[in-house]
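Peer 1: Predicted coordinates and the sequence they were generated for:
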Amino acid sequence: MSVAVREFDVALDGGAVLHAYDSETGGVGALPVVWLHGTPNIGTPPTPLLDLADRLGLRLLGYDRPGYGGSTARRGRSIGSAARDAAGVVDALEGAEDGRASPFAVIGHSGGGAHALACAALEPGRVVAAVSIAGLSPYDPADDAAWFTGFAELGEASLRAAVEGREEKERYESTEHDGDFGFAEIDQRAFDGEWGWILEVVRPALADGPAPVVDDDLAVVGDWGFAPADIRVPVRLVHGGLDRVVPPSHSERLARSIPHAVVDRQPDDGHVSILRRAPAALEWIGAVRDAAALR
């Protein structure tokens, strides 16, 4: 299908806005599914998922996290703040003005995975399913060595700068760094295929400068505002065994905290190639929706 994604702004308190995207897939009554983007990306829903979302009756949405793209920066934002933001995007849809809190699902990749879990934890009456693909687990200073195990050189250095605080993180991001980002050979091949789409959302995000990346990483290593163990809604954790951008141990840690989670580990995938499992995740969301409708 040919989809012209609609862009719109969601007004927030104090004149701030979230810049949002609506694929309008799925037809009348489609379940909204909010895409939570990685770091650094903007929030356009993934082109490779639009046809499937339409067939499954899912309405793919997205938004630029504060500071990215057209969204107003929000210094000191937490991972948990994504729950209210995502709900606000769903509430702004045409036809949502009747006052009812519409249900929705969430799916996040990389830095967006934690934000998807935030929606599941903090909007349990509305979120029907949540997917984290190659997502991070909460940072615990007492578990520092284990948390950082498996990261590639540049990923570890970047997040260790965040652990040191805003001043050190801003200093780190103000200079260029050479080294290993952690992409596997299979990721490089993925960039040449349909998931090369991700470069379309990375490039404009980088144009915004380092400030939103600083806010993202400070949020990752800070207080998330919830505990994954509090999540009661269906969760799917997807990770590649070759991932050194976000090591698979992070999804393993999350699975121990969320014992009801469905785990989809692909031993031969990396950080980008794992997005080949995003269609299966969408199908799972559709199945969760259908099962709930039968109850």
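Peer 2: Ah, there it is. Small disclaimer: the values here were computed from a predicted structure and weren't measured. Residues are numbered from 1 along each chain as shown.

Peer 1: what helices or strands is the host helix or strand of Gly108 leaning on?
Peer 2: Using DSSP states H and E, Gly108 maps to strand 104-109. With contacts defined as 3 or more CB pairs under 8 Å, 6 or more residues apart in numbering; DSSP states H and E, strand 104-109 has these neighbours: strand 31-36, helix 81-91, helix 111-122, strand 127-133, helix 278-294. Just so you know, the C-beta spots here come from the backbone N, C-alpha and C atoms, and that holds for glycine as well.

Peer 1: And for the last one, what's in contact with it?
Peer 2: When contacts are defined by CB atoms under 8 Å, 6 or more residues apart in numbering, helix 278-294 is touched by residues 31, 33, 46, 48-49, 52-53, 56-58, 105, 107, 109, 128-129, 131, 133, 234, 236, 238, 262, 264.

Peer 1: again, but for the fourth one
Peer 2: Strand 127-133 is contacted from outside by 31, 103-110, 113-114, 116-117, 119-120, 231, 233-239, 251, 254, 274-275, 277-278, 281, 284-285, 288-289, 292, using CB under 8 Å, 6+ apart.

Peer 1: partners of that strand in the sheet?
Peer 2: If you go by DSSP bridges, strand 127-133 pairs up with strand 104-109 (parallel), strand 235-240 (parallel).

Peer 1: Identify all contacting residues around the first one.
Peer 2: Among residues not part of strand 104-109, those counted as contacts by CB under 8 Å, 6+ apart are 31-38, 58, 86-87, 90, 114-117, 119-120, 126-135, 275, 278, 281-282, 285, 288-289.

Peer 1: Next, the angle helix 81-91 makes with it.
Peer 2: Strand 104-109 and helix 81-91 are oriented at 130 degrees to each other (axes from the mean of the first three to the mean of the last three CA atoms, to 10 degrees).

Peer 1: Next, the angle strand 31-36 makes with strand 104-109.
Peer 2: In terms of direction (the same axes, to 10 degrees), strand 104-109 departs from strand 31-36 by 30 degrees.

Peer 1: gap between the two ends of stretch 73-89?
Peer 2: 16 Å (CA to CA, to the nearest Å).

Peer 1: Return the strand holding Gly108 as PDB; C-alpha atoms alone will do.
Peer 2: What follows is strand 104-109, C-alpha atoms only, in PDB (Å, rounded to 0.1, in the frame of the first residue of the first chain):
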ATOM      1  CA  PHE A 104      -3.700   1.300  22.700                       C
ATOM      2  CA  ALA A 105      -0.600  -0.900  22.300                       C
ATOM      3  CA  VAL A 106       3.100   0.100  22.200                       C
ATOM      4  CA  ILE A 107       6.200  -1.100  20.500                       C
ATOM      5  CA  GLY A 108       9.700   0.300  21.000                       C
ATOM      6  CA  HIS A 109      13.100  -0.400  19.600                       C
END
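
Peer 1: Just the helices from the protein, written as ranges.
Peer 2: For the chain, the helices defined by DSSP state H cover 50-56, 81-91, 111-122, 144-148, 153-164, 166-173, 185-191, 198-206, 211-221, 249-257, 278-294.

Peer 1: So which residues make contact with the first one?
Peer 2: I take that to be helix 50-56. The contact list for helix 50-56, computed with CB under 8 Å, 6+ apart, reads 1, 3, 23, 25-27, 33, 45, 59-60, 279, 282-283, 285-286.

Peer 1: filter the contacts of helix 278-294 to the buried ones?
Peer 2: For the contacts of helix 278-294, a burial check counting by 16 or more other CB atoms under 10 Å picks out 31, 33, 46, 48-49, 52-53, 56-58, 105, 107, 109, 128-129, 131, 133, 234, 236, 238, 262, 264.
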